[in-house]
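Participant: kindly generate the corresponding structure for this input.
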Amino acid sequence: MTLEIRRSVLADVPAARRLGDEAFGVPTRPAPVPDPDDWPRPHTRPWVAAVDGEVAAGLAVRSFTSWFHGARLPTAGFAGVTVAAERRGSGLLRPLMEAALAEARDLDETVSTLYPSSAGIYRGLGYEVVGAFEDVRIPMASLAAVAPAGDGVRTRRATAADLPAVRRVYEAWASAQNGPLTRAEAPFTMEPDEMVGPGADLTGVSLAVRGTGTEEVLGFASWSRGTGYDRTTTIAVDDLVALTPDAARALWRMLGSFASVVGQVEVCTSGGWSGTDVSRLVLPDHAATSSPRPYMLRLLDVPGALGACRVPPVRARVPFAVADPRTPDLAGAWTLEAAEGTVRVVPDDGASPGDRPTFTSGGLALTWSGAQSTANARLAGGLTGPGEHDTTWDALWGGRQVHVRDYF
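Facilitator: Below you'll find the model as predicted:
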């Protein structure tokens, strides 16, 4: 058997699509033949594994930036990972993933993320679940009971001229979280022709605003009405982002105004509907059902990822190490030095085994992202060694919730 791991070429597209149909289901309409001048799509790096000249596995790496700890971090987002049914379990996935990860490191992408079909597969490559993208369905009865907005906040429909303000609202929210895409790269940018106007993908974008004349945009909801006008129908909400409680109330009440002709809204959200999406805190009850899609994270450059972040303005010096047989690329020992909100990560060649907190790749992802505390990482086997620096590590990297609002 001859195995070749390589970047995909246009001639691989039919075989790669067949693998995708096998893995994720056959689309109702065939995808169009790709334009040679527009393939691969911007910010996309396709890869294949060929066995004896036949494409047997494939994936795509989406190059974008994500918010972590107030910094825009270059991110390698893995998508469409497929292996032919007859080749599963034959060892194709690891060399394919490792080649694509090596390229990501060469391109100075500091973290990698993905939505797994099976989390266990990717834990073997150093990823860990840190959050989830969720479709949450809320009955209209819950929205009809939302209290009116105060503070002069009202809603109106957005126009193309409002898109800069919509982007500012999203950035204000996203930059305060860990994980959201910056939406600076296609296809995640918020463009006027996609959001507003007669040819838009959405029915509307509604704004929560305050003031007259010079308005202040405090939130937005982008939504699609769907078909039908009875209690079995659903309004799909791609985004609901509010910067104040009254903005959230105004947007929920706008959606609730469809109660006589729609049965529920389905909101794309993240972080666990039970707690960390703060827009739900203004709802009078928690009647909802949720379909979560786990989101996994892996660091590619430990000093680069940690050193780019903004942290609380405390002075700290924390020795730590990463040791994980599954991720030899991350192995090393460092000293983290924090002062005035900035971080330096300095290699420590004098470290000895067991002399400092030692993370697995997954344990580092969990604690650095703020998804879990050091105590919980120890319970899960992601952290060993001395514990005297645990509270300092938590103080540096805790405090921001993990969110992601774009599926890829």
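
Participant: longest helix in this structure, please.
Facilitator: Counting by DSSP state H, the longest helix found in the chain is helix 93-106.

Participant: report the buried residues of it.
Facilitator: For helix 93-106, the neighbour count (16 or more other CB atoms under 10 Å) marks Leu93, Leu96, Met97, Ala99, Ala100, Leu101, Ala104 as buried. For glycine as for every other residue, the C-beta is placed from the backbone atoms N, C-alpha and C.

Participant: now, which of those residues sits nearest Ala15?
Facilitator: Nearest to Ala15 among these: Leu96, at 14.3 Å, using CB to CB.

Participant: how much space separates the closest one from Glu86?
Facilitator: 16 Å (CB to CB, to the nearest Å).

Participant: likewise for Thr65?
Facilitator: The gap separating Thr65 from Glu86 is 38 Å, by CB to CB.

Participant: the two: which is more packed in?
Facilitator: Using other CB atoms under 10 Å, the more surrounded residue of Thr65 and Glu86 is Thr65, with 19 against 9.

Participant: tell me the contacts of that one?
Facilitator: Residues counted as contacts of Thr65 (CB atoms under 8 Å, 6 or more residues apart in numbering) are Arg72, Leu73, Pro74, Thr75, Leu181, Thr182, Ala184, Glu185.

Participant: next, the fourth one: phi, psi?
Facilitator: When quoted as degrees, to the nearest 10, the phi and psi of Thr75 stand at phi -130, psi 140.

Participant: who does it form a beta bridge with?
Facilitator: With DSSP bridges as the criterion, Thr75 is bridged to Phe64, Val111.

Participant: for the stretch 51-200 of the chain, just list every one of the helices.
Facilitator: If DSSP state H, counting those that start in this stretch is used as the criterion, the helices of the stretch 51-200 of the chain fall at 93-106, 119-123, 140-144, 163-174, 192-195.

Participant: the stretch 301-408 of the chain too?
Facilitator: 302-307, 361-368, 374-379, 390-397.

Participant: so how far is the third one off the chain centroid?
Facilitator: Here helix 374-379 is found 23 Å from its chain centre; the criterion is CA atoms, centre = their mean, to the nearest Å.

Participant: over to stretch 69-85?
Facilitator: Worked out by CA atoms, centre = their mean, stretch 69-85 lies 9 Å from the chain centre.

Participant: and that stretch, which residues are buried?
Facilitator: 69, 71-78, 80-84.

Participant: same check, this time on stretch 256-264
Facilitator: Gly256, Phe258, Ala259, Val262, Gly263, Gln264.

Participant: next one: stretch 385-403
Facilitator: Applying 16+ other CB under 10 Å to stretch 385-403 flags 385, 389-390, 392-394, 396-398, 400-403 as buried.

Participant: in TSV, list those along with pLDDT and distance to Val55.
Facilitator: Output for those, formatted as TSV (pLDDT from 0 to 100; distance: CB to CB, whole Å):
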residue	pLDDT	distance to Val55
Gly385	98	44
His389	98	48
Asp390	98	47
Thr392	98	49
Trp393	98	44
Asp394	98	46
Leu396	98	45
Trp397	98	41
Gly398	96	44
Arg400	94	41
Gln401	93	40
Val402	96	35
His403	96	35
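
Participant: rebuild these as JSON lines, extending it with distance to Ala248.
Facilitator: Output for those, formatted as JSON lines (distance: CB to CB, whole Å):
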{"residue": "Gly385", "distance to Ala248": "43"}
{"residue": "His389", "distance to Ala248": "38"}
{"residue": "Asp390", "distance to Ala248": "35"}
{"residue": "Thr392", "distance to Ala248": "35"}
{"residue": "Trp393", "distance to Ala248": "33"}
{"residue": "Asp394", "distance to Ala248": "29"}
{"residue": "Leu396", "distance to Ala248": "30"}
{"residue": "Trp397", "distance to Ala248": "28"}
{"residue": "Gly398", "distance to Ala248": "25"}
{"residue": "Arg400", "distance to Ala248": "19"}
{"residue": "Gln401", "distance to Ala248": "16"}
{"residue": "Val402", "distance to Ala248": "20"}
{"residue": "His403", "distance to Ala248": "15"}
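
Participant: follow-up on the earlier one: Asp193: which of the buried residues of stretch 256-264 is nearest?
Facilitator: Phe258 (25.2 Å).

Participant: these two touch, right, that closest one and Ile138?
Facilitator: No - the pair Phe258 / Ile138 is not scored as a contact, 12.0 Å apart, by CB atoms under 8 Å.

Participant: host element of Cys268?
Facilitator: strand 264-270 (DSSP states H and E).

Participant: quick one: strands adjacent to that strand?
Facilitator: Strand 264-270 is paired, per DSSP bridges, with strand 128-139 (antiparallel), strand 234-242 (parallel).

Participant: what are the boundaries of the strands in the stretch 301-408 of the chain?
Facilitator: Assigned strands in the stretch 301-408 of the chain, in chain order: 316-322, 332-339, 342-347, 358-359, 383-384 (criterion: DSSP state E, counting those that start in this stretch).

Participant: what's the closest of those strands to Asp238?
Facilitator: With respect to Asp238, and counting by CB to CB, the nearest of the strands of the stretch 301-408 of the chain is strand 342-347 at 34.3 Å.

Participant: report the beta-bridge partners for the nearest residue to Arg356 once chain neighbours are set aside.
Facilitator: Take Arg356 and drop its neighbours on the chain: the residue closest to it by CB to CB, 6 or more residues apart in numbering is Pro319, 4.0 Å away. Under DSSP bridges, the beta-bridge partners of Pro319 are Thr335.

Participant: how is this structure divided into domains?
Facilitator: 3-114, 134-295, 301-397 (automatic domain parsing).

Participant: starting at the chain centroid, how far to the first one?
Facilitator: Read it as domain 3-114. Relative to its parent chain, domain 3-114 has a centroid offset of 17 Å by CA atoms, centre = their mean.

Participant: with the second one instead?
Facilitator: With CA atoms, centre = their mean as the basis, domain 134-295 stands 18 Å off its chain's centre.

Participant: from the contact counts, what lies against the longest helix of the chain?
Facilitator: Taking 3 or more CB pairs under 8 Å, 6 or more residues apart in numbering; DSSP states H and E as contact, the helices and strands that helix 93-106 lies on are strand 3-7, strand 44-51, strand 54-68, strand 71-83.
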